[in-house]
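In: quick one: sequence plus predicted model below, questions after.
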Amino acid sequence: MRGENRVDSPLLRGALVLCLAAALGFGCDNRRIGPITPRVSRVIDITTGSGAVADVDLLIVIDDSNSMREEQASLRAQIPLLIHGLTSPPLGDDGMPAWNAVQSLRVAVVTSDLGTSGVALRRGLAGGCGVDSVRTSGNVWGLDAALRTDPSCGAGPVASWSEGDDPEAFASSVGCLADAGTTGCGFEQPLGAASRALDRAEAGFGRPDALLAVLVLSDEEDCSLGDAEAFFGGLSDARELNTYCVDHPELLASMDELAASLRGSRDDDHFIFAAIVGIPEDLSGADPAVILADPRMTHMPDPSAATGLRPACRALNADGTSRGDATPGRRFAELATRLPGSLLWSICAESYEPAVAELTQRIGARLPGVCTSRALTPDVDGSVPCFVHMTLPAGLDCSTLPGALSLGSSDDGRALCDLPQAEGGSGWFYDTSDASCPRLSFTPDALPPLGTRVRLQCLVEVERPAEPVGG
């Protein structure tokens, strides 16, 4: 039975809106109830996927070349926001957590320094690469995607937090590990480093049942190599390294192979890719396809730029002076098109707080919902007085969900749908299989696609408190 028809039911003596938390683990509000009217309602919006997780592994991939000092500091400044957002989530307008806290969180840090991918060069490359590298003592694999460890950080190679641990101390340890320095190879291979680190599974990182999030920070294009021998064999001038990289994509690691390697056997709901890289600031958070279509993301020669390529954005100091440029990160956007739910943000942004807040929310949207002891009161047919409206991801329409009715389009052109209550068929339903946690759920064929914005409103019968004596 549709929610709009149930709101005015004379059976309701009071109303309490059911609070929907993230990732299809739906639960209701357990606050103390005060006197309210039957028509009072509150709408809860979330972004959801089709599964729920309680454990999260986060791999942070940091460009440690000599142009990254300020950018690394900007990211480290937001580590506490990320950690606290997952271990003690922010409160919504109704005073309840926006999502459940993770039960366990593991964080590892790797740099983009893969040296020359095993190729021995006669003279090496500038920036600590190849046989002339002092930092790597001639190791042609650079840091070889080893997870960062530092005894002074009190953690490493994997920083771990579990319920009951001190989040402040944990955030401090993660921030320490993220201080990667700026003496790494100037030939950045962040996606290859991430893939190599996950394949190695050092210290058991990348738990198969955990949500895996990969966050990249880099101001240059990814040049992860597929055929290193052919690449360096054809490079005649190391000063043209960056332009040679973008001119010869056939020698780089394929995007399909990188996507498969990073995600492994995980489905879309258990993997999130995010990158703070070279894209125009006004495109931060935009759809990857929109970013790729922007002419500022085209690789164009620019002899005046340090990389030889026209920048996608320029980071400015408070006084308006430049603190650095960023090369168009097309490969990051191309990878994001293969990984639903990806987040791309401009490295030129003054603050990375919005990027980290959005990433935290997207991870939180995969966590189990909040349970409550106050249940809905179903009708004799099992239905409950709720309605569910959905804003689907771009490119999908209401026919994606069985029985869904079209409500038109949102301001940004996405399909708006009303999903029916299942009542023995397809749709959403009131799930009381766990008596300790009644919740709303969905039939398997009606699970909202990843990235769907769900608007849920429910009313439940509550007793009015007795009037105070003499009131």
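Out: In hand now; what should we look at?

In: what strand or helix carries the residue nearest the centre of the chain?
Out: The centroid of the chain falls nearest to Leu359 when counting by Cα atoms, centre = their mean (4.0 Å). Assessed by DSSP states H and E, Leu359 sits inside helix 353-364.

In: what are the buried residues along that helix?
Out: Ala355, Val356, Glu358, Leu359, Thr360, Gln361, Arg362, Ile363, Gly364 (16 or more other Cβ atoms under 10 Å). Backbone N, C-alpha and C define where each C-beta goes, glycine included.

In: sorry, back to before: isn't the residue nearest to the centre of the chain right up against Leu343?
Out: Yes. Counting by Cβ atoms under 8 Å, Leu359 touches Leu343, with 5.7 Å between them.

In: what touches both of these two?
Out: Between them, Leu359 and Leu343 share these contacting residues under Cβ atoms under 8 Å, 6 or more residues apart in numbering: Ile272, Ala274.

In: tell me which other helices or strands the helix holding Leu359 touches.
Out: Applying 3 or more Cβ pairs under 8 Å, 6 or more residues apart in numbering; DSSP states H and E, one finds that helix 353-364 contacts helix 79-87, strand 211-217, strand 271-277, strand 343-346.

In: tell me what angle the longest one forms with strand 211-217.
Out: Interaxial angle of helix 79-87 relative to strand 211-217 (axes from the mean of the first three to the mean of the last three Cα atoms, to 10 degrees): 170 degrees.

In: the very next helix or strand once past helix 79-87 pairs with which strands, parallel or anti?
Out: Per DSSP H and E, the first helix or strand lying C-terminal to helix 79-87 is strand 104-111. According to DSSP bridges, strand 104-111 forms sheet pairs with strand 55-62 (parallel), strand 159-162 (antiparallel).

In: which positions within strand 104-111 qualify as buried?
Out: For strand 104-111, using 16+ other Cβ under 10 Å, the buried residues are Ser104, Leu105, Arg106, Val107, Ala108, Val109, Val110, Thr111.

In: all strands for the stretch 301-450 of the chain, in order.
Out: Using DSSP state E, counting those that start in this stretch, the strands of the stretch 301-450 of the chain run over 313-316, 322-326, 343-346, 386-391, 405-409, 415-419, 428-431, 439-442.

In: mind listing what's buried in the helix or strand that Ala171 is a member of?
Out: Using DSSP H and E, Ala171 falls within helix 167-177. In terms of neighbour count (16+ other Cβ under 10 Å), helix 167-177 has its buried residues at Pro167, Phe170, Ala171, Ser172, Ser173, Val174, Gly175, Cys176, Leu177.

In: contacts for the next helix or strand after that helix, please.
Out: Counting by DSSP H and E, the next helix or strand C-terminal to helix 167-177 is helix 190-200. Helix 190-200 is contacted from outside by 59, 61, 63, 108, 110-114, 117, 144-147, 205-206, 212, 214, 216, 218, 222, 224-225, 253, 258, 261-262, 264, 331-332, 335, using Cβ under 8 Å, 6+ apart.

In: once you drop chain neighbours, what's closest to Phe271?
Out: Arg263 (4.7 Å; Cβ to Cβ, 6 or more residues apart in numbering).

In: could you do Leu225 as well?
Out: The shortest distance from Leu225 to any non-neighbouring residue, by Cβ to Cβ, 6+ apart, is to Ser117 (4.7 Å).

In: burial of that neighbour, as a residue count?
Out: Here the count is done by other Cβ atoms under 10 Å, and Ser117 has 25 residues near it.

In: sec struct for it, please.
Out: coil (DSSP: H, G, I helix; E, B strand; the rest coil).

In: what pLDDT does it get?
Out: Predicted confidence (pLDDT) for Ser117: 89.

In: tell me what the helix or strand Val454 falls within is packed against?
Out: In the assignment (DSSP H and E), Val454 maps to strand 452-458. Helices and strands touching strand 452-458, by 3+ Cβ pairs under 8 Å, 6+ apart, are strand 44-48, strand 386-391.

In: possible to save the buried residues of helix 353-364 as TSV with distance to Ala155 and pLDDT?
Out: Formatted as TSV, those follow (distance: Cβ to Cβ, whole Å; pLDDT from 0 to 100):
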residue	distance to Ala155	pLDDT
Ala355	23	97
Val356	19	97
Glu358	25	94
Leu359	21	95
Thr360	20	93
Gln361	25	88
Arg362	24	88
Ile363	20	89
Gly364	23	83
